[in-house]
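Visitor: got a predicted model here, sequence first, then my questions.
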Amino acid sequence: MKALRRLLRRAPRLFVLLYSPDDREIGELGEEVAASHLARRGWRILARRWRTRRGEADLVARPATRSRSWR
């Protein structure tokens, strides 16, 4: 949500008045922020929006290097 607020602060006033993001766009922005945060911390993104019959996982990630403490 901080990233969305930062984006809206930088956007021209007219853009903010005419455009209101819907829930899907806010969700996609949140997923992107989370993925970039994990990537910067050394995690490897394996999948995005991974679907099964039981539901959906927004991000599937694991550390780039496996260690015993991760298990």
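Guide: Received, thanks.
Visitor: longest single helix anywhere in this protein?
Guide: helix 23-40 (DSSP state H).
Visitor: where does the chain dip in pLDDT?
Guide: For the chain, the stretches with pLDDT under 70 are 1, 4-21, 66-71.
Visitor: ranges for the strands of it?
Guide: 43-52, 55-63 (DSSP state E).
Visitor: now the angle from the longest helix of the chain to strand 43-52?
Guide: 140 degrees (axes from the mean of the first three to the mean of the last three CA atoms, to 10 degrees).
Visitor: which parts of stretch 28-47 are buried?
Guide: Neighbour-count burial for stretch 28-47, counted by 16 or more other CB atoms under 10 Å, picks out 35, 38. Using the backbone N, CA and C atoms, a C-beta is placed for each residue, glycine as well.
Visitor: ok, back up a step: can you lay out the strands of the chain as TSV showing distance to Ser36?
Guide: What follows is the strands of the chain, written out as TSV (distance: least, CB to CB, whole Å):
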stretch	distance to Ser36
strand 43-52	9
strand 55-63	11
